[in-house]
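> with the sequence up front, the predicted model follows.
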Amino acid sequence: MLQIKNLKCYYGRIMAIKGVSLSVRQGELVSLIGANGAGKSTLLQAVCGLLEHWEGEIKLEGRGLHTLDSSQIVKNGISLVPEGRMIFPPLSVMDNLKLGAYTMYRRKMHAEVKQDLEMVLDLFPVLRARIHQAAGTLSGGEQQMLAIARALMARPKLLLLDEPSMGLAPLLVKKILATLVKLRENGITILLVEQNAQAALKIADRGYVLETGSVVLQGPAEYLLNDDEVKRAYLGKDYKEFYEGRA
Amino acid sequence: MRVEQISIFLENKAGRLAEVTTIIAEAGINIRALALADTSDFGVLRLIVNDNQKAEETLKNHGFTVGTTEVIAVEVPDQPGGLQNILAILHKAGANVEYMYAFVQQSGNNAVMIFRFDHIDAAVKILEENSVVVIDGNRLYSM
Amino acid sequence: MSNLDPEERKQLQLERLQSTLNRAFRNVPFHRNRLQEKGLEPSCIGSVDDLALLPFMERKHLGEHYPYGLFAVPLRDIVRIHSAPGTTSNPTVSGYTRQDMLFWRQMTANALEISGVTSQDILQINLDFGLANWGRDYKDSAEIIGAGVIPSTTLSLDKQLMVLRDYKTSVLITTPSMASELADHMLKSEVNPAKLSLTTLILVGEHVDHSFRELIEKQLHVKTWLHYGLSEVPGPAIAFECSEHVGLHVNEEYFLAEIIDPQNGRVVGAGRAGELVLTTLTTRAFPLIRFRTGDRARFVREICPCGQSLSRIEWLGRRTDDMLNIRGVKVHQQQILLQIKRALGFVPDHYHISKQQQGLKNLLEVWIFVDDTLFSDEIKALESVVKRVGSILHENLGVPVTIRLKEKDSFGRE
């Protein structure tokens, strides 16, 4: 579905992404892991049309994205759950969600929006409980769920998530990632960018490891989880505990 | 005391042996004793001639690989057990015979055997101590 | 069977190529230096076609960085180490990580399945110790499929025949040389091939021509399948036959194959013959970048009726370098001379190295000139020379050798 070929991104004269090729096939959950500063967020921004200067090729379902601006990209079926959630604190949960569906409204698909609202509230019951609360009063985990739900309202073909685990307790992280698995089962294609490598690889089909702007490893997620180098560099001493569900 | 033997490396090819003897004959050299040891691939031809230097030179000029070895000529009583007796003496003293073959001429009433030993001096000593006659090389060439 | 469409496959190849280059560049000084010498960086390679910008790797490089200079991962991640005779005095040492082993097994298992191997088969492996690495990979893959495996061991022909017959082997993996030895032996021992359970013969390591295959298929009542691999690194089944038996499908998701003109190094036009060059896409421990195999081949352009979209190559007989392929093991003339020197203390003035074709078998034969230094009046001394040189060569090259002592005369006639 998504094909990135030889992407190069610059911050001024510095090449932040040095020729990265990456793909996400229909129905896959792909995780992109790497340390801080590796360039993961930059890559997502390029895909969403939020970066001014980039070279290479980004195609969604065979169609190049380089001529499109970010709103058009959303219309084409890509939805981003940004780092730091970026929900609108003064607005209610309901309004946040409706905002996420703005492309649907423009296409006058009101009935569908109603359907989708029900769907996401089923997915995240805690949001239903707080549907009229101001988004700013929600806990970190609830806000993350709201951000995902909002992104889903646009009926994306491809869902991009930028570090959803940031600042969240391990138990919540598990919950949220479990939701992603559910979404994938319902046919949504997902590209997950994460610093929490073990969590991200555990739910993924395939993974890419980004290091200072280049992909140094990729393959089936299972392989990466068992890879000695990945274990040393990214899985840390906590991975064993996480695996056994104790974290 | 020692006898110089010429040894020649030969591939197991038809006619090679005849070539060697022809070359030697044409050089006017006389072969006094001859023995051929062979494997399936190659052989070593051992010769006692009356002019070692000439033989070696001639053969080398014809492209053969030639070596010289010191051997011993021993008088063997021409009677049953004559050889066996000598071999027993050597065996008892622990002298190892690498190979041996007969010399064409007789020495009086005795046969002559050429012996190759690992340790030639020790072997000569043992034989002489046991009254076995070792024929001097110079005498041998002109027998 | 690969289920990617050509577009997806190209993307996959590009991704894998780029990550291989990034890792090689970062972790292996040899690769980094060579790229930098040309003013290149991995980010300069933006498509699979850009591969042509990169320098070639040759066999000599493998020996030059003995033992671990070309490893792209820390030693502690290596789970298997393999040596093969190289072109210099050092053998080629290659390594595998756990992931490499997994990929190899998958690739080889896939090739075996296409040859019709199932869990119902009894599979026997007969390979010289020079190809022991392949023996292990085939064993592991066959186990994955669930076939009953009789691993490779050094047995006399008689014993091999006994196993073949009594253990009801249905699939035999071996080199063409060994297959023909076995067939001959069967004739001599009056074992009727039709009475064997053998149905499938997988031939590896050496090129065979059509007439050989027809003959051996008739003699042994089997179907033959051809696999192509590298003996030094990384292993077997880099390319394999499908049921069409026209050319070998290259495992393109794991390797990039190019055909170049060995004289000028340029990629030849589609379908033309040249030297096969391979680049590994998934190998972690020991990446090969544009490795010149020395094997002659050409791409088969037509789409294969079997349905596999992987490109096919036709493996042609002659080699493009001065390596001898003896029973599947690549041996360089230089190596042979080096070992002779070790055995004798010097290199003889005259020598002759050749691959002897005895019917369908091939053997390595070395002629040595017996000069004054080597010559002795004692047969046993000469025989020990033959034995010593023969055993040192065998030990270091992994193939049996026949040593012949020769007069100077024999060398004039070459």
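Looks like it arrived, so ask away.
> now for the helix of greatest length in chain A, which elements pack on it?
As far as residue count goes, and with DSSP state H defining each element, the longest helix of chain A is helix A:170-185. With contacts defined as 3 or more C-beta pairs under 8 Å, 6 or more residues apart in numbering or on different chains; DSSP states H and E, the secondary structure elements packing on helix A:170-185 are strand A:29-34, helix A:110-123, helix A:140-152, strand A:189-194, helix A:197-203. Backbone N, C-alpha and C define where each C-beta goes, glycine included.
> so which of those is nearest C:H350?
Among these, strand A:29-34 comes nearest to C:H350, with 62.3 Å by C-beta to C-beta.
> check whether that closest one contacts chain C.
No: judged by C-beta under 8 Å from any C-beta of the partner chain, strand A:29-34 and chain C are separated, with a smallest distance of 11.2 Å.
> mean confidence for the next helix or strand after that strand?
Past strand A:29-34, heading to the C-terminal end, the next element that is a helix or strand (DSSP states H and E) is helix A:40-47. Averaging pLDDT along helix A:40-47 gives 89.
> mind exporting the C-alpha coordinates of the helix or strand that helix A:40-47 is followed by to PDB?
Counting by DSSP H and E, the element after helix A:40-47 in chain order, helix or strand, is strand A:54-60. In PDB, the C-alpha atoms belonging to strand A:54-60 read as follows (Å, rounded to 0.1, in the frame of the first residue of the first chain):
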ATOM      1  CA  TRP A  54      12.300  15.800   0.600                       C
ATOM      2  CA  GLU A  55      13.600  13.800  -2.300                       C
ATOM      3  CA  GLY A  56      12.700  10.300  -3.500                       C
ATOM      4  CA  GLU A  57       9.400   8.600  -4.000                       C
ATOM      5  CA  ILE A  58       6.500   8.100  -1.700                       C
ATOM      6  CA  LYS A  59       3.600   6.200  -3.200                       C
ATOM      7  CA  LEU A  60       0.200   5.300  -1.700                       C
END
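> quick one: list the elements packing against strand A:54-60.
If contacts are counted by 3+ C-beta pairs under 8 Å, 6+ apart, strand A:54-60 sits against strand A:2-11, strand A:14-24, helix A:40-47.
> would CSV of these with distance to C:D140 be doable?
Putting the helices and strands packed on strand A:54-60 into CSV (distance: least, C-beta to C-beta, whole Å) gives the following:
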stretch, distance to C:D140
strand A:2-11, 34
strand A:14-24, 30
helix A:40-47, 36
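> out of these, which gets nearest to A:L60?
With C-beta to C-beta as the measure, strand A:2-11 is the member of the helices and strands packed on strand A:54-60 nearest A:L60 (5.7 Å).
> contact partners of that closest one?
The list of residues contacting strand A:2-11 from outside it, by C-beta atoms under 8 Å, 6 or more residues apart in numbering or on different chains, reads A:15-24, A:39, A:42-43, A:46-47, A:51, A:53-60, A:62, A:78, A:158, A:189, A:191, C:11, C:14, C:18, C:43, C:46-47.
> name the residues that touch the worst-scoring helix or strand of chain B on mean pLDDT?
The helix or strand of chain B with the poorest confidence is helix B:137-141; it has a mean of 79 (mean pLDDT, DSSP states H and E). Under the criterion C-beta under 8 Å, 6+ apart, residues B:1-4, B:32, B:48-50, B:73, B:103, B:112 lie in contact with helix B:137-141.
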